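Asks: this one's structure only:
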């Protein structure tokens, strides 16, 4: 099943292997694409990955996770981002961009959040966002989506996980507001729905959402809550999402022992996948074709991302095709090296 095509909204992905968004910390204060990024993503596309999701890309400078993150807050970023899109498309893969804002977890100074609560002692207490600031950030996502359209991305993923800004509004562990953006009592969708609507006004293509399927705190959000959230979003065409990317944690500093076990996030995805009507991605320390095939066969998810494994081996997909005796096109320049293992 790894090598079967699957549609996400209007796009078709050639196989079920996804490269997830992973911060590369390889830009600078400008947020511009560097040669590293073009080679890094282009190589994974050349290696056969079906869908590549670009690392968290900041919609405003103060929303970066680090000072070396990619940015999409200016039209000057479009050309560099398009160079990544073009090389990925050249090798037959689809590419998404993850639009994000770190909120209280920014590494660029004092951040903003739903409430004035610091993530931990290493971070300063953030400013509680005003309604005007919430609107400004919403518009920043909209402008970023316009730029993503111009750069040619096949899909936009909204970063709603890992305790970053959107998650800080969703989660009752962080959001202590008493206004219409506050959690009453489990979660609040106002900020997220505003962002989805704004993006859909200017972007023609599938929209994905990354979530923390479990926040690893009793009073936090869990997979069952996200079933409710997705059903609520998809009841309205203006807020409908086409793909759910299930990760976990990051809202607080809690790290359970299961986070060091291969496939530890799969159960969260499986709970959600059985109750929603859109494709789901999962992953987490997965390295083998057998693990992926099992997840797909059991319908626990529709795609599986390989993070560290694709950092170790950008040609994992081509090697797997050989092992499974599946016809997978080797780049013509490397034909003399067939079979891959010889």
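Replies: That came through, no problem. If you're wondering where the values come from, they're calculated on a predicted model, not measured in any experiment. Numbers count the residues shown, from 1 in each chain.

Asks: and the gap between the closest residue in space to residue 65 that isn't next to it in sequence and residue 321?
Replies: The shortest distance from residue 65 to any residue other than its chain neighbours is 4.7 Å, reached at residue 102 (CB to CB, 6 or more residues apart in numbering). Any C-beta I mention is one placed from the backbone N, CA and C, and that applies to glycine too. Relative to residue 321, residue 102 is positioned 37 Å away (CB to CB, to the nearest Å).

Asks: ditto for residue 302
Replies: For residue 302 relative to residue 321 (CB to CB), the value is 19 Å.

Asks: poorly predicted segments of the chain, please.
Replies: 339-342 (pLDDT under 70).

Asks: where's residue 96 relative to residue 290, distance?
Replies: For residue 96, the distance to residue 290 - CB to CB - is 26 Å.

Asks: next one: residue 126
Replies: 44 Å.

Asks: which one's more surrounded, those two?
Replies: Comparing residue 126 with residue 290 by neighbour count (other CB atoms under 10 Å), the higher total belongs to residue 126, at 23 against 9.

Asks: now do the contacts for the more buried one.
Replies: For residue 126, the contact set (CB atoms under 8 Å, 6 or more residues apart in numbering) comprises 103-104, 110-113, 116-118.

Asks: ok, these vs residue 204, which is closest?
Replies: Residue 204 has its nearest neighbour among the contacts of residue 126 in residue 103, at 28.0 Å by CB to CB.

Asks: where along the stretch 201-342 of the chain do the helices fall?
Replies: 223-234, 266-273, 289-297, 308-312, 316-323 (DSSP state H, counting those that start in this stretch).

Asks: can you say which of these is nearest to residue 330?
Replies: Short answer: helix 316-323, nearest of the helices of the stretch 201-342 of the chain by CB to CB, at 6.3 Å.

Asks: what's the longest helix in this protein?
Replies: With secondary structure taken from DSSP state H, the chain has its longest helix at helix 131-151.

Asks: so what does it touch, helix or strand wise?
Replies: helix 78-90, strand 94-100, strand 155-160, helix 190-202 (3 or more CB pairs under 8 Å, 6 or more residues apart in numbering; DSSP states H and E).

Asks: let's have the ones you listed in TSV, adding distance to residue 179 and mean neighbour count.
Replies: Below are these laid out as TSV (distance: least, CB to CB, whole Å; neighbours: other CB atoms under 10 Å):
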stretch	distance to residue 179	mean neighbour count
helix 78-90	35	18
strand 94-100	24	26
strand 155-160	20	26
helix 190-202	9	19
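
Asks: wait, which of those is closest to residue 247?
Replies: Residue 247 lies closest to strand 155-160 among the helices and strands packed on helix 131-151, at 9.8 Å (CB to CB).

Asks: and the strands in the stretch 1-150 of the chain?
Replies: 6-8, 11-13, 17-19, 51-58, 94-100, 112-113, 127-128 (DSSP state E, counting those that start in this stretch).

Asks: residues contacting residue 147?
Replies: Taking CB under 8 Å, 6+ apart, we find residue 147 in contact with 72, 75, 77-78, 81.

Asks: do you know how far residue 101 is from residue 198?
Replies: Where residue 198 is concerned, residue 101 sits at a distance of 13 Å (CB to CB).

Asks: and what of residue 72?
Replies: Counting by CB to CB - residue 72 and residue 198 are separated by 14 Å.

Asks: ok, now residue 126?
Replies: Residue 126 is 23 Å from residue 198, by CB to CB.
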